[in-house]
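Trainee: from the sequence below, what's the structure:
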Amino acid sequence: MDKEVAAKELVDSALKVHSTLGPGLLESAYEACLAYELSERGIMVSRQKLLPIHYGPVEIDAGYRLDLLVDDQIVVELKTVNSLLPVHEAQLLSYLRLGGFHLGFLLNFNARRMKQGIRRMLNGYRPSRPSCPSW
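Mentor: Sure, this is the predicted structure:
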């Protein structure tokens, strides 16, 4: 599937999950519901995907896991915090780099409006404004 099509479906799914459940639940509840919503839309999604670190010739299992991997190409990091912090963005960027992925989303389901809790990030930089007009 085209990466941008999958990204749009991801954002639409996150908006639907948030409007249905609202803020205030555990991250694991949003993860399960978002994975379900994506799979209902025919999009492949993996939950808690192991992300090893490659250091020279060694592969190290340091316990890092991607919350969601959408269509084997989009990393999704879920949060349920009062506000997103730079450390959350750094975490997602590290996952993108370690896994060799280009596109990722940081989704904070504790936001009053889901639109305010979405950060689209690219490996190497984060755009100052969302490039997708739907959010």
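
Trainee: list the contacts of the nearest residue to Q73 once chain neighbours are set aside.
Mentor: Nearest residue to Q73 in three dimensions, chain neighbours excluded: K3, at 5.7 Å (C-beta to C-beta, 6 or more residues apart in numbering). All C-beta atoms are positioned from the backbone trio N, CA, C, and that covers glycine. Neighbouring residues of K3 by C-beta atoms under 8 Å, 6 or more residues apart in numbering: 71, 73-74, 102-103.

Trainee: just the buried residues of those.
Mentor: For these, a burial check counting by 16 or more other C-beta atoms under 10 Å picks out 71, 73-74, 103.

Trainee: quick check: closest non-adjacent residue to L66.
Mentor: The shortest distance from L66 to any non-neighbouring residue, by C-beta to C-beta, 6+ apart, is to K49 (4.4 Å).

Trainee: quick one: name whatever helix or strand follows the helix or strand that contains that neighbour.
Mentor: Per DSSP states H and E: K49 is located in strand 45-50. Toward the C-terminus, strand 45-50 is succeeded by strand 53-55 as the next helix or strand (DSSP H and E).

Trainee: the next helix or strand after that next one packs against which elements?
Mentor: Note on strand 53-55: by DSSP H and E, the next helix or strand toward the C-terminus is strand 58-60. The helices and strands touching strand 58-60, judged by 3 or more C-beta pairs under 8 Å, 6 or more residues apart in numbering; DSSP states H and E, are strand 53-55.
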